[in-house]
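Trainee: Let me see the structure of the following:
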Amino acid sequence: MAGNNQSGRLGGQVISRDAQIVLLVPGDASRWVTLRREMLADTPWSFASSVEDDAGLDPAVTAERLAGPDHVTAAAVGGRGDGPLLSTATLLRDRHVKMRHRGWIVGVYTTPAARGLGLARQVIVRLIAVARERGIEVLCLSASADAAPAIALYASLGFRAWGVEPDVVRVDGRSHDEVHMRLVVGPRAAGGGGGT
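Mentor: Prediction:
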């Protein structure tokens, strides 16, 4: 796998970095739930939710979320847009009136067969563009300290780490820290804050 022809295989289907990047709609809920089950099983230390308590595993709940204006999920889709979801991330706008200038990137995941193709980068770049279009000025995210490739990706996109929180997630008795990161995407937030 090298160069622009980089590809992988998923269930006999060849996947490449040329997957379509789309914003999911309520009709995509079942496909997203399938990938969500995979992500929670594959890298449980990367997510606060688990198969036992994730309301998003209910397609009706996911469809309702995908219909909301402050919940935008982007995905890399295989095939001609009708294939499996290969990579995904969600942008959540802060619901508090005083914090509407902020958004959160959550639920970032790429299926193992599609890793290394740059799909997560494309998905996050799409969400950064959506954030700017919607007037969001600051994007925040948290990544497992165990996910060095993810942290490197976020840093390459301009996210800066501002702290490490110890013992955030425990899986099978093992503690996992989280790295908190921030990206300024709007002009007003660039100068910092401080009042007046």
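
Trainee: So for whichever helix or strand residue 152 is part of, what gets flagged as buried?
Mentor: Assessed by DSSP states H and E, residue 152 sits inside helix 148-156. Residues of helix 148-156 classed as buried by neighbour count (16 or more other CB atoms under 10 Å): 150-151, 153-154. Using the backbone N, CA and C atoms, a C-beta is placed for each residue, glycine as well.

Trainee: got the CA positions of that helix in PDB?
Mentor: Only the C-alpha atoms of helix 148-156 are listed here, as PDB (Å, rounded to 0.1, in the frame of the first residue of the first chain):
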ATOM      1  CA  ALA A 148      -1.000   7.900  19.400                       C
ATOM      2  CA  PRO A 149      -2.000   7.800  15.700                       C
ATOM      3  CA  ALA A 150      -5.200   9.700  16.400                       C
ATOM      4  CA  ILE A 151      -3.400  12.300  18.500                       C
ATOM      5  CA  ALA A 152      -0.900  12.800  15.700                       C
ATOM      6  CA  LEU A 153      -3.700  13.200  13.200                       C
ATOM      7  CA  TYR A 154      -5.500  15.900  15.300                       C
ATOM      8  CA  ALA A 155      -2.200  17.700  15.900                       C
ATOM      9  CA  SER A 156      -1.500  17.700  12.100                       C
END
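
Trainee: Show the subsequent helix or strand relative to it.
Mentor: In the C-terminal direction from helix 148-156 (assignment by DSSP H and E), the next one is strand 160-171.

Trainee: relative orientation of the helix holding residue 152 and strand 160-171 in degrees?
Mentor: 160 degrees (axes from the mean of the first three to the mean of the last three CA atoms, to 10 degrees).

Trainee: by contact count, what packs against helix 148-156?
Mentor: Secondary-structure packing of helix 148-156 (3 or more CB pairs under 8 Å, 6 or more residues apart in numbering; DSSP states H and E): helix 119-133, strand 138-144, strand 174-184.

Trainee: Number of residues surrounding residue 171?
Mentor: Using other CB atoms under 10 Å, residue 171 has 14 neighbouring residues.

Trainee: now swap in the one 5 residues further on and tell me
Mentor: Neighbourhood size, residue 176 [other CB under 10 Å]: 17.

Trainee: I am finished for the moment; much appreciated.
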